[in-house]
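Trainee: The amino acid sequence is not available; the structure is as follows:
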């Protein structure tokens, strides 16, 4: 895929996932707690996660204007999502009542990381364009 095409789709992905982080995480924690909320409910933890992800969502939307200038934010999102999802994966394996996360937030974080990593053009490809 050409760099220009990747950047076009990356912009859309940044906006879509940014909106999801701003609004979707909160809504899914409310309406699908078994896949998005750790049990028993922990309001202080939930507020922290919602605040962090909403803030990240705003910055991803801003990064969509020029993804190449925001390369470090995008790669931070990729790697922090992989780390977060992997930690949750092991925790969900350890705590049987948390199995809902295997079809909720764990795959969502991996999906976001994979899409951003795939769409992020290499530095060499962008320099050649």
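Mentor: Structure received. Everything quoted here is computed from the prediction, not taken from an experiment.
Trainee: How are the strands of the protein distributed by residue range?
Mentor: In the chain, no segments count as strands under DSSP state E.
Trainee: Flag the shaky bits of it, pLDDT-wise.
Mentor: Low-confidence segments of the chain (pLDDT under 70): 124-129.
Trainee: biggest helix in it by residues?
Mentor: With secondary structure taken from DSSP state H, the chain has its longest helix at helix 71-94.
Trainee: chain center to it, what's the gap?
Mentor: 8 Å (Cα atoms, centre = their mean, to the nearest Å).
Trainee: and what of stretch 69-76?
Mentor: 13 Å.
Trainee: ok, now stretch 99-107?
Mentor: Using Cα atoms, centre = their mean, the offset of stretch 99-107 from its chain centre is 14 Å.
Trainee: cool, and stretch 38-46?
Mentor: Worked out by Cα atoms, centre = their mean, stretch 38-46 lies 20 Å from the chain centre.
Trainee: Any buried residues in that stretch, and which?
Mentor: 38, 46 (16 or more other Cβ atoms under 10 Å). Every residue, glycine included, has its C-beta placed from N, CA and C.
Trainee: next one: stretch 55-66
Mentor: 56-57, 59-61, 63-64.
Trainee: What lies in contact with that stretch?
Mentor: Stretch 55-66 is contacted from outside by 10-12, 14-15, 17-22, 69-70, 73-74, 77, using Cβ atoms under 8 Å, 6 or more residues apart in numbering.
Trainee: what's the farthest-apart pair in those residues?
Mentor: 20 and 69 (22.4 Å; Cβ to Cβ).
Trainee: which residue packs closest to residue 32, ignoring adjacent ones?
Mentor: Setting aside the residues directly before and after it, residue 32 is nearest to residue 104 in space (Cβ to Cβ, 6 or more residues apart in numbering), at 6.5 Å.
Trainee: Likewise for residue 21?
Mentor: residue 57 (3.2 Å).
Trainee: cool, residue 14 as well?
Mentor: Among residues not flanking residue 14 along the chain, residue 64 sits closest, at 3.9 Å (Cβ to Cβ, 6+ apart).
Trainee: What is the end-to-end distance of stretch 36-50?
Mentor: By Cα to Cα, to the nearest Å, the extent of stretch 36-50 from end to end equals 11 Å.
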